[in-house]
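**Student:** After the sequence you'll find the predicted model.
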There are 2 protein chains.
Amino acid sequence: MYKDLNTPIRTILTPGPVEVDPRVLRVMSAPILGQFDPAFTDIMNEVMDMLRKLFKTDNQWAFPVDGTSRSGIEAMLCSVIEPGDRVLVPVFGRFGYLLMEICERYGAEVKAIHQEWGAVFDPKAVIQEMDDWKPDIVAMVHAETSTGCMQPLKEIGQACRERHLYFIVDAVASVGGVDVRVDEWFIDGLIAGTQKCLSVPAGMSPLTYNERIQKRIARRKKVERGIATEEELQQKAATFIKSNYFDLSMLQDYWGPRRLNHHTEATSMLYALREGLRLVLNEGLENRFERHKYHERALVSGLKAMGMELFGDTSAKLPTVTCIKIPDGADGDSVRRMLLDQFGIEIATSFGPLHGKILRVGTMGYSCRRENILTFLGAFEAVLIRHGILVEKGAALQAALDYYTNENKLSN
Amino acid sequence: MYKDLNTPIRTILTPGPVEVDPRVLRVMSAPILGQFDPAFTDIMNEVMDMLRKLFKTDNQWAFPVDGTSRSGIEAMLCSVIEPGDRVLVPVFGRFGYLLMEICERYGAEVKAIHQEWGAVFDPKAVIQEMDDWKPDIVAMVHAETSTGCMQPLKEIGQACRERHLYFIVDAVASVGGVDVRVDEWFIDGLIAGTQKCLSVPAGMSPLTYNERIQKRIARRKKVERGIATEEELQQKAATFIKSNYFDLSMLQDYWGPRRLNHHTEATSMLYALREGLRLVLNEGLENRFERHKYHERALVSGLKAMGMELFGDTSAKLPTVTCIKIPDGADGDSVRRMLLDQFGIEIATSFGPLHGKILRVGTMGYSCRRENILTFLGAFEAVLIRHGILVEKGAALQAALDYYTNENKLSN
């Protein structure tokens, strides 16, 4: 006989997956509905409506793909990219590589330009590259959790629109935590995630796209054998969307008024997404962004008082991820292990060139709470001391408490 | 302000999604864990172990894809199929078309052979076609929910193995409800679903594959730019797996001991799958299969007593789906609507040539319970009478109650 599921309670301060709001967890226990039950399609419509508000867009199409964040990225890219398309990918961290990788798989000619990890691009450099290389599509990450940096997008978006390029943005790590303005920033297609600032479990990827992309995918629509002429089959073969599961032209027929059967919508995950969105919108987007910055300041004040140094260009800092340079002589993986084993606190390392160099603390969504910041600072000091690192003893918590008691602007 | 989620309670008797066991719903409320937390990777390993038992296989690889059932089908097919591969698809209902459609998208040369809807293939006919057309792969559905028929597979699997073909089976609708024997039936790759006989919400697709497929996908592994030579990039370009999200060679590195980062596992869905599998295995596979047949007999005895006629070849009947011919003069969609609106009971129609001809009643997993069978029979009779259909009044429930009180073999 297998035993009951029995999971430990953790304090999760990684850049995803983050703690899920208990109210979101609760709705996942609601009994399911059939996918074409009017009570369920009403929920689908509500979710689309809430996503438009979250994304600050008037786009008709805003719905989740049933899969983790990279499923949304792949759905967007594979629906838009035709073999031979030229895609410019400005890379400033690990997730830029993922965009390249997916574009390549779907037959794009990809050109990357690179920025040093820990900084972002001067928009003018990206625009210059557009004019030199003349891509069809620019695809880039908004918030790089791997480096804790956030790229300003509006100027790049405007330049794309003026040049009739498509601008596709991976905003998995930013949506719900910092301001994202799809329409105002001229973003044609944008992908978000659930398990970061929305504080919903991993397993869905909300996205949105405008009429420009809608028209492009409409002409790539695959006409199914049995109803297509031989000529149509030949004609379409070169350009149809490779994936069935990720074909946005079919997904939109399922999410739209036609309700054409595609997959069976992931009921409980949709309940969770609806509740997560409801909590975000009821909190108020601007209040929520301010809350993330508020606790970020407490965290940073504690870390600095302790004697820690932050990594990266602070003017480009993502408010929801704080990267700490690992002090000389400390083994970052050992620090993380002790935090998890002794305190039940999870923080993250980074990838590639930054592995072993920085630790990353995520303060996203429901994880972004006063008690988590304070618990972490106290534990981190103790663990660093156990690792022989000289810190200003007791200073971190006093600095954070000073901040919280003096700047008593928010109650949580 | 958006309101709380407030969903009606339904009696769901469709061939999926079906009612979720309350114990499964409950575990979805458990707080999440980080994806590389040892407490979580232990759960991943447990799920793999339970899936092997469910599939009756010794395969090393048995894990879920994070997406609905067709995501697993696409992951399997796109990882195995190389452009130009010849795939034979014996079609005996709607979901055979889905296999064809996905194979075509990934560049296969597809040949379908067709069996009349409501019947299954004589395995010899399929084997003859293998010998005539000489495919590389045979892909077929095990249980067609669209027609309520189940295809015997062992003879076909053995013939595939003898001819060194790959045999891929869509068992989305059968796994957990009827016997499926991956190893004994010579199945190389098999895909299951969660929202049917496992009674777990939609959103995951467990699959398994053997060493033959593992070797094939190993040589299709994409070498990432940055570590590959130009020659390697050229060489691989023709054969690498098109999808990143569905690339089984990467998924297995995430599920295996290497734990290479791919997606962020859908935590709450994995909890649900684990609990669903635990309940299935604790009930006992053979007991569970017997329970499905037990309630099927009650349902059929009631329907026949009422004067209904079943659709399809009864010798090939899937125990978990019962197809009822719509009586002359009745509008099937109106019958379904009245069942839902007045009784909160959901049953299904069918697709294409069978739409308007049959109604489908699913008795899968947690939905397959005595009270659901009885509630449905009573309601169905009343609704048919309201639609002017002559039925043997009162007979259905008496027949089912006779069955349940006389054949008191199972307590639920």
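**Tutor:** That came in fine, so what should we check first?

**Student:** contacts, neighbours, all on C-alpha from now
**Tutor:** Fine.

**Student:** mind listing the helices for chain A?
**Tutor:** A:22-27, A:38-55, A:69-80, A:94-105, A:123-133, A:154-162, A:211-218, A:230-237, A:248-255, A:267-283, A:285-306, A:332-343, A:370-386, A:395-406 (DSSP state H).

**Student:** okay, those helices, which one's buried deepest?
**Tutor:** Of all the helices of chain A, helix A:69-80 has the most neighbours on average by mean count of other C-alpha atoms under 10 Å in any protein chain shown, namely a mean of 27.

**Student:** Out of the helices of chain A, which gets the lowest mean score?
**Tutor:** Of all the helices of chain A, mean pLDDT reaches its minimum on helix A:230-237 (a mean of 60).

**Student:** what about A:V391, neighbour count?
**Tutor:** Number of residues near A:V391 (other C-alpha atoms under 10 Å in any protein chain shown) recorded here: 18.

**Student:** list the contacts for the residue nearest the centre of chain A?
**Tutor:** Nearest to the geometric centre of chain A sits A:V172, at 1.4 Å (C-alpha atoms, centre = their mean). Shown in contact with A:V172 (C-alpha atoms under 8 Å, 6 or more residues apart in numbering or on different chains): A:69, A:143, A:191-194, A:196.

**Student:** try 7 Å this time
**Tutor:** Contact analysis of A:V172 by C-alpha atoms under 7 Å, 6 or more residues apart in numbering or on different chains lists A:69, A:191-193.

**Student:** Residues of chain A that sit close to chain B?
**Tutor:** Chain A comes close to chain B at residues A:1-2, A:7, A:9-10, A:17, A:19-20, A:25-26, A:28-34, A:66-68, A:70-71, A:102, A:105-106, A:201-203, A:242-245, A:263-268, A:278, A:282, as judged by C-alpha under 7 Å from any C-alpha of the partner chain.

**Student:** residue contacts, the nearest residue to A:Q60 once chain neighbours are set aside?
**Tutor:** Distance criterion C-alpha to C-alpha, 6 or more residues apart in numbering or on different chains; nearest residue to A:Q60, sequence neighbours excluded, is A:N210 at 7.2 Å. For A:N210, the contacting residues are A:59, A:61, A:188-189, by C-alpha under 7 Å, 6+ apart.

**Student:** change it to 8 Å
**Tutor:** Going by C-alpha under 8 Å, 6+ apart, A:N210 touches A:59-61, A:188-189.

**Student:** Looking at the residues you listed, spot the one nearest chain B.
**Tutor:** A:G189 (18.8 Å; C-alpha to the nearest C-alpha).

**Student:** For that closest one, give me its contacts.
**Tutor:** A:G189 touches A:76, A:166-169, A:207-210, A:213, counting by C-alpha under 8 Å, 6+ apart.

**Student:** Farthest pair within those residues?
**Tutor:** Maximum pairwise distance in the contacts of A:G189, criterion C-alpha to C-alpha, is 15.3 Å, between A:Y166 and A:L207.

**Student:** So which of these two has more stuff around it?
**Tutor:** Shown here are A:Y166 and A:L207; by other C-alpha under 10 Å, A:L207 has more neighbours (28 against 22).

**Student:** How many residues are close by the nearest residue to that one once chain neighbours are set aside?
**Tutor:** The shortest distance from A:L207 to any non-neighbouring residue, by C-alpha to C-alpha, 6+ apart, is to A:I191 (4.3 Å). A:I191 has 30 neighbours, counted by other C-alpha under 10 Å.

**Student:** what are the phi and psi angles of the residue nearest to A:Q60?
**Tutor:** Phi and psi for A:N210, reported as degrees, to the nearest 10, are phi -100, psi -170.

**Student:** Could you tell me what pLDDT the model assigned to it?
**Tutor:** pLDDT, read off for A:N210, is 98.

**Student:** same thing with A:S411?
**Tutor:** Looking at A:S411, the pLDDT reads 52.

**Student:** A:Y271: what's it in contact with?
**Tutor:** Taking C-alpha under 8 Å, 6+ apart, one finds A:27-28, B:5 in contact with A:Y271.

**Student:** cool, A:A62 as well?
**Tutor:** Per C-alpha under 8 Å, 6+ apart, neighbours of A:A62: A:48-49, A:51-52, A:206-209.

**Student:** biggest separation within those residues, which pair?
**Tutor:** The most widely separated members of the contacts of A:A62, counting by C-alpha to C-alpha, are A:D49 and A:Y209 (13.9 Å).

**Student:** Could you report the separation of A:A330 from A:I389?
**Tutor:** Taking C-alpha to C-alpha, to the nearest Å as the measure, A:A330 falls 7 Å from A:I389.

**Student:** Same question for A:E109.
**Tutor:** 48 Å.

**Student:** thinking again about what came up before, kindly present the contacts of A:V172 as a markdown table, with separate columns for distance to A:E290.
**Tutor:** As requested, the contacts of A:V172 are exported to a markdown table (distance: C-alpha to C-alpha, whole Å):
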| residue | distance to A:E290 |
| --- | --- |
| A:S69 | 25 |
| A:I191 | 22 |
| A:A192 | 20 |
| A:G193 | 20 |
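
**Student:** tell me which of those residues is nearest to B:F311?
**Tutor:** Of all these, A:S69 has the smallest distance to B:F311: 42.5 Å, by C-alpha to C-alpha.

**Student:** Tell me who's in contact with the residue nearest to A:R161 when sequence neighbours are not counted.
**Tutor:** Excluding the flanking residues, the one nearest A:R161 by C-alpha to C-alpha, 6+ apart is A:F186, at 6.7 Å. For A:F186, the contacting residues are A:154, A:157-158, A:160-161, A:167, by C-alpha under 8 Å, 6+ apart.

**Student:** again, only using 7 Å
**Tutor:** By C-alpha under 7 Å, 6+ apart, the neighbours of A:F186 are A:154, A:157-158, A:161.

**Student:** ok, now A:L13?
**Tutor:** A:346-347, A:361-363, A:367.

**Student:** pLDDT, distance to A:Q115 and neighbour count added to the residues you listed, as TSV?
**Tutor:** Shown next, in TSV, are the contacts of A:L13 (pLDDT from 0 to 100; distance: C-alpha to C-alpha, whole Å; neighbours: other C-alpha atoms under 10 Å in any protein chain shown):
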residue	pLDDT	distance to A:Q115	neighbour count
A:E346	98	29	24
A:I347	98	25	21
A:V361	98	22	26
A:G362	98	22	29
A:T363	98	25	30
A:S367	98	30	26
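
**Student:** Filter these down to the ones in strands?
**Tutor:** Using DSSP state E, the subset of the contacts of A:L13 located in strands is A:346, A:361-362.

**Student:** Which residue would be the closest one in the stretch 301-412 of chain A to chain B?
**Tutor:** A:E346 (7.6 Å).

**Student:** To what extent is the residue nearest to A:R212 when sequence neighbours are not counted buried, counted in neighbours?
**Tutor:** Leaving aside its chain neighbours, A:R212 sits nearest to A:D188 (7.0 Å; criterion: C-alpha to C-alpha, 6+ apart). A count of nearby residues for A:D188, using other C-alpha under 10 Å, gives 23.

**Student:** Good, we can wrap up now.
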